[in-house]
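**Student:** Take this sequence and fold it.
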Amino acid sequence: MKEQSYCTFRLNNSIYGIENSYIEEVFALPELTVVSSPYRNLAGVVNLRGKILPVMDLNLVLGMPSPDYQITDSILVLRWEDSQVGIIVNEVYKEKTISPDQITTQLSNHRDVEGKDCQTIIADFSQRAGDILILNHPETWMGSIEIETILSKIPDNSPGDRFRLLTQESIFCPKATPEERIIFQERADNLKAEVTSQDLTDLKPISAIVLNDRFFGIDLAMVREFTDLSRVTPIPCCPKHIIGNMNLRGEIITLIDLRGFFHLPIDPILEEYKVMVVDFEGIVFGVIVTEVAESMLFLKPSEIMPLSTGSDAINDEYLQGVASYRENARAPQALRDIAILDLPKILLNGGLIVDEVV
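**Tutor:** Predicted coordinates for the structure are as follows:
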């Protein structure tokens with residue numbers, strides 16, 4: 001059997017994978033229209049460029065309780081045969097190629113595989129590729145989602161757009177702040193517009209992170225995942241920007257503090273900080289970040305502008321340029337500069353590779 005490419009993503013504390021051939025597109029979670037339907041796992045529907053997309057809560061599909069949705073969640077759009085369905089996930093990671101010898105069907109001891117429903121949904125487990133639970137073909141566990149069933153309550157003689165006539169049975173994400181609601185609504189409005197395939201291929205996917213109070217972007221292709229900061233073991237005889245090692249599900253990850261490269265204050269590292277796990281040409285390390293502003297967003301290359309000299313105290317030696325970014329829930333109307341990291345240059349020229357003998 002040949003190697004297979006999988007789209008990998010995080011749901012709660014587990015990493016899942018699904019064959020890339022089922023993935024049609026990915027976008028940040030928008031406001032969903034919540035409707036009554038016979039599908040108990042349906043989180044709601046969204047107008048995706050004029051078509052109604054049902055969105056399922058994968059936690060409910062797996063038989064787990066559904067946590068509150070977050071502004072950083074994403075939707076994976078799956079397509080098979082004539083079906084198109086979205087699933088809500090916490091973070092989307094880059095494509096991963098897994099060979100058959102890395103996969104096992106021994107699922108019984110994994111904490112997230114309990115009961116017959118999970119055994120139907122989760123086909124395999126790849127421990128050697130990083131503890132990835134591989135989802136079965138969606139037609140075996142999703143079934144057929146009939147849009148007409150969702151719309152069946154709307155009388156045929158109702159005037160106007162049928163999507164607008166969907167009744168909001170309850171409030172989407174009731175615990176969201178007013179600022180978060182603005183962001184959810186803006187995303188939903190943007191999805192209504194027609195987008196050509198050329199538009200999509202021209203977009204550059206990045207992750208937005210915060211170091212102290214500054215926003216930085218990094219090419220999404222280099223980002224493997226985001227995770228919590230846990231116990232760090234210091235490494236002797238290392239530069240001050242190499243913080244130490246962290247055990248991530250049995251894999252030892254070296255942690256880097258990039259703030260010194262940009263002349264930012266080196267404030268104490270707090271336990272609520274996050275770790276961005278980066279994979280660059282097989283070199284895996286973790287970057288400590290103050291906050292993950294957005295795990296995935298898209299920029300047009302034309303939006304990335306050269307840095308103006310002398311306009312800021314930040315060191316631009318390791319930056320590709322700067323773009324405008326609409327800040328997250330803290331100030332949804334504010335546009336901030338987001339500096340695009342040149343991470344390969346930092347890795348190759350910034351002294352991140354240590355070859356000293358202790």
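**Student:** Please name every helix or strand in contact with the longest helix belonging to the chain.
**Tutor:** When the chain is scanned for its longest helix (criterion: DSSP state H), the result is helix 178-192. Helices and strands touching helix 178-192, as assessed by 3 or more C-beta pairs under 8 Å, 6 or more residues apart in numbering; DSSP states H and E, comprise strand 23-28, strand 42-48. Just so you know, the C-beta spots here come from the backbone N, C-alpha and C atoms, and that holds for glycine as well.
**Student:** next structured bit after the last one?
**Tutor:** Sequence-wise, the next helix or strand downstream of strand 42-48 (DSSP states H and E) is strand 51-57.
**Student:** Could you list the paired strands of that next one along with their orientation?
**Tutor:** Using DSSP bridges, strand 51-57 pairs in its sheet with strand 42-48 (antiparallel), strand 83-89 (parallel).
**Student:** List the buried residues for it?
**Tutor:** Going by neighbour count (16 or more other C-beta atoms under 10 Å), the buried part of strand 51-57 is 52-57.
**Student:** for the nearest residue to residue 29 once chain neighbours are set aside, what are its contacts?
**Tutor:** Closest residue to residue 29 apart from its sequence neighbours, by C-beta to C-beta, 6 or more residues apart in numbering: residue 73 at 4.1 Å. By C-beta atoms under 8 Å, 6 or more residues apart in numbering, the contact list for residue 73 reads 28-29, 88-90.
**Student:** which one of those sits closest to residue 18?
**Tutor:** Nearest to residue 18 out of those is residue 89 (C-beta to C-beta; 10.0 Å).
**Student:** Distance of the closest one relative to residue 320?
**Tutor:** Distance of residue 89 to residue 320, given as C-beta to C-beta, to the nearest Å: 28 Å.
**Student:** chain center to stretch 89-103, what's the gap?
**Tutor:** Stretch 89-103 sits 14 Å away from the centroid of its parent chain (C-alpha atoms, centre = their mean, to the nearest Å).
**Student:** May I have it as CSV, with CA atoms only?
**Tutor:** Extracted C-alpha coordinates of stretch 89-103, given in CSV (Å, rounded to 0.1, in the frame of the first residue of the first chain):
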residue,chain,number,x,y,z
VAL,A,89,-12.6,21.5,15.0
ASN,A,90,-10.4,23.5,17.4
GLU,A,91,-7.2,23.8,15.2
VAL,A,92,-6.2,22.7,11.7
TYR,A,93,-2.7,21.6,11.2
LYS,A,94,-0.7,21.0,8.1
GLU,A,95,-1.0,18.0,5.8
LYS,A,96,0.8,14.8,7.0
THR,A,97,1.8,11.8,5.0
ILE,A,98,1.5,8.5,6.8
SER,A,99,2.7,5.1,5.6
PRO,A,100,0.8,1.9,6.3
ASP,A,101,3.5,0.6,8.6
GLN,A,102,2.8,3.6,10.9
ILE,A,103,-0.8,2.6,11.4
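**Student:** If you count neighbours, what's buried in it?
**Tutor:** So stretch 89-103, judged by 16+ other C-beta under 10 Å, has buried residues 89-93, 96, 98, 102-103.
**Student:** what does stretch 294-313 give?
**Tutor:** Buried positions in stretch 294-313, judged by neighbour count with 16+ other C-beta under 10 Å: 294-299, 304, 307.
**Student:** can you tell me which two in those are farthest apart?
**Tutor:** It's 295 and 307 that sit farthest apart of the buried residues of stretch 294-313, by C-beta to C-beta, at 24.7 Å.
**Student:** Could you list the single helix or strand in the protein with the lowest mean pLDDT?
**Tutor:** The helix or strand of the chain with the poorest confidence is helix 197-201; it has a mean of 50 (mean pLDDT, DSSP states H and E).
**Student:** Which strands or helices does the following helix or strand past that one pack on?
**Tutor:** Remark: after helix 197-201, the chain's next helix or strand is strand 204-211, criterion DSSP H and E. With contacts taken as 3+ C-beta pairs under 8 Å, 6+ apart, strand 204-211 sits against strand 214-219, strand 283-289, strand 291-299.
**Student:** now the second one against strand 204-211, angle please.
**Tutor:** It stands for strand 283-289. Angle, strand 283-289 to strand 204-211, by axes from the mean of the first three to the mean of the last three C-alpha atoms, to 10 degrees: 50 degrees.
**Student:** For the stretch 251-358 of the chain, which residues score under the pLDDT cut-off?
**Tutor:** For the stretch 251-358 of the chain, the stretches flagged by pLDDT under 70 are 308-314, 326-334, 350-358.
**Student:** hmm, try it at 50
**Tutor:** Along the stretch 251-358 of the chain, the parts satisfying pLDDT under 50 run over 311, 329-330, 332, 354-358.
**Student:** can you map out the strands along it?
**Tutor:** In the stretch 251-358 of the chain, the segments counted as strands under DSSP state E, counting those that start in this stretch are 251-256, 274-280, 283-289, 291-299, 319-326, 335-341.
**Student:** Out of the ones you listed, which is closest to residue 79?
**Tutor:** Proximity to residue 79 (C-beta to C-beta) singles out strand 291-299 among these, at 19.3 Å.
**Student:** which outside residues touch the closest one?
**Tutor:** Under the contact criterion C-beta under 8 Å, 6+ apart, strand 291-299 has outside partners 26, 28, 72, 74, 91-92, 203-210, 215, 217, 220, 223, 226, 273-274, 276, 323, 325, 327-328.
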